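Enquirer: For reference, the sequence and a predicted model appear below.
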Amino acid sequence: VQLVESGGGLVQAGGSLRLSCAASGTIFAINTMGWYRQAPGKQRELVATRSNRCITNYLDSVKGRFTISRDIAKDTVYLQMNNLRPEDTGVYYCNYRENFVQGGEFWGQGTQVTVSS
């Protein structure tokens, strides 16, 4: 599975960005796609995920500001980020995980999001 991300960039605090991630290859129906981020000197953390059954999970600090959505037909996941804060700065990675025994997990190359104060 290959994951191609787009949509990162530089934005002022309070602004918005929309990330996209398109998956290609052998895509199984039972999966979860989502976004993780890593700030300099910090561990990678889950930002938001959404399963094929529409079960979502958000990092507490982004609830109410970020929205994850998926286009199942296009094997694409989106992250709409509103009211961005400087602490949202980091490299955002797309993730695809197969939700069955011995299922695979794949990562995108990452896209930089920088929020200036």
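Expert: Received, thanks. Residues are numbered from 1 along each chain as shown.

Enquirer: Kindly provide the distance from residue 30 to residue 103.
Expert: 8 Å (CB to CB, to the nearest Å). For the C-beta atoms, the positions are set from N, CA and C on the backbone; glycine is no exception.

Enquirer: same question but for residue 7, I mixed them up
Expert: Residue 7 sits 27 Å away from residue 103, taking CB to CB as the criterion.

Enquirer: Next: residue 27.
Expert: Taking CB to CB, one finds residue 27 at 12 Å from residue 103.

Enquirer: what's the most centrally placed residue in the chain in contact with, if anything?
Expert: Centroid-nearest residue in the chain, with CA atoms, centre = their mean: residue 35, separated by 2.1 Å. Residues near residue 35 by CB atoms under 8 Å, 6 or more residues apart in numbering: 19, 21, 46-49, 68, 77, 79, 92-95.

Enquirer: Which residue of this protein lies farthest from its centroid?
Expert: Outermost in the chain, CA atoms, centre = their mean: residue 101 at 23.2 Å.

Enquirer: Just the pLDDT for that residue.
Expert: At residue 101, the model reports a pLDDT of 88.

Enquirer: Residue 65 now?
Expert: 98.

Enquirer: Any idea how many residues pack against the nearest residue to it once chain neighbours are set aside?
Expert: Of all residues not flanking residue 65 in the chain, residue 83 sits nearest, at 4.7 Å (CB to CB, 6 or more residues apart in numbering). Look at residue 83: counted by other CB atoms under 10 Å, it has 13 neighbours.

Enquirer: Tell me the spacing between residue 83 and residue 13.
Expert: In this structure, residue 83 and residue 13 are 8 Å apart, going by CB to CB.

Enquirer: Kindly reformat the contacts of residue 35 as JSON lines containing secondary structure.
Expert: Shown next, in JSON lines, are these (DSSP: H, G, I helix; E, B strand; the rest coil):
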{"residue": "19", "secondary structure": "strand"}
{"residue": "21", "secondary structure": "strand"}
{"residue": "46", "secondary structure": "strand"}
{"residue": "47", "secondary structure": "strand"}
{"residue": "48", "secondary structure": "strand"}
{"residue": "49", "secondary structure": "strand"}
{"residue": "68", "secondary structure": "strand"}
{"residue": "77", "secondary structure": "strand"}
{"residue": "79", "secondary structure": "strand"}
{"residue": "92", "secondary structure": "strand"}
{"residue": "93", "secondary structure": "strand"}
{"residue": "94", "secondary structure": "strand"}
{"residue": "95", "secondary structure": "strand"}
